[in-house]
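Colleague: can you look at this prediction? I've put the sequence above it.
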Amino acid sequence: MEEEGEWITVAYRRRGKPRSVRRVPVSVPEVNTVEVKREVKEEDMKTKRVSMESRQELVKSRLEMKLSQVDADMKCNLAKNTINRIENGSYVPDGVTLGKIRRFMGVELRLV
């Protein structure tokens, strides 16, 4: 005795062996959907970058400490090319990286 709609066979398994096989109806549960509208501002779409002034401060601080970029990375416990990528503007550091640079290099990097 089958009702309208589609039916599928489902095998319930335990440790790889079929425990039971049953035919169950395929049904799509009704879902109450709510449309969410969010106003997206143009400034939300822009990618954050380290400001030019901050990058110049980082270079100045590093040179005053007489450190190469690799030495500065080691001192801050960062990957070997992180300082290079920040100084070139090709990398946007996360909060942890910003904190390490602020603590060890004494430079507050600003994102714009």
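Modeller: Received the coordinates, thanks. Numbers count the residues shown, from 1 in each chain.
Colleague: so where's the longest helix in this structure?
Modeller: Criterion DSSP state H: the longest helix present in the chain is helix 52-64.
Colleague: centre of the chain to that one, how far?
Modeller: Computed by Cα atoms, centre = their mean, to the nearest Å, the chain-centroid distance of helix 52-64 equals 27 Å.
Colleague: that helix packs against which elements?
Modeller: If contacts are counted by 3 or more Cβ pairs under 8 Å, 6 or more residues apart in numbering; DSSP states H and E, helix 52-64 sits against helix 82-88, helix 95-105. No exception for glycine: its C-beta is placed from N, CA and C like everyone else's.
Colleague: which of the ones you listed sits closest to residue 20?
Modeller: helix 95-105 (51.2 Å; Cβ to Cβ).
Colleague: what comes up buried for that closest one?
Modeller: Burial within helix 95-105, assessed by neighbour count using 16 or more other Cβ atoms under 10 Å, is assigned to 97, 98, 100, 101, 104, 105.
Colleague: so the nearest residue to residue 74 once chain neighbours are set aside, which of the three states?
Modeller: Distances taken as Cβ to Cβ, 6 or more residues apart in numbering place residue 80 nearest to residue 74, at 7.7 Å, with adjacent residues excluded. Counting by DSSP: H, G, I helix; E, B strand; the rest coil, the backbone at residue 80 sits in coil.
Colleague: need the residue closest to the centroid of this protein.
Modeller: residue 94 (9.5 Å; Cα atoms, centre = their mean).
Colleague: direction included, what does the helix or strand where residue 12 lies pair up with?
Modeller: Assigned by DSSP states H and E, residue 12 belongs to strand 7-14. Applying DSSP bridges, strand 7-14 is found paired with strand 17-25 (antiparallel).
Colleague: run through who's touching the strand it pairs with.
Modeller: By Cβ atoms under 8 Å, 6 or more residues apart in numbering, the list of residues contacting strand 17-25 from outside reads 3, 5, 6, 7, 8, 9, 10, 11, 12, 13.
Colleague: OK, contacts around the residue nearest to residue 74?
Modeller: Per Cβ under 8 Å, 6+ apart, neighbours of residue 80: 70, 73, 74.
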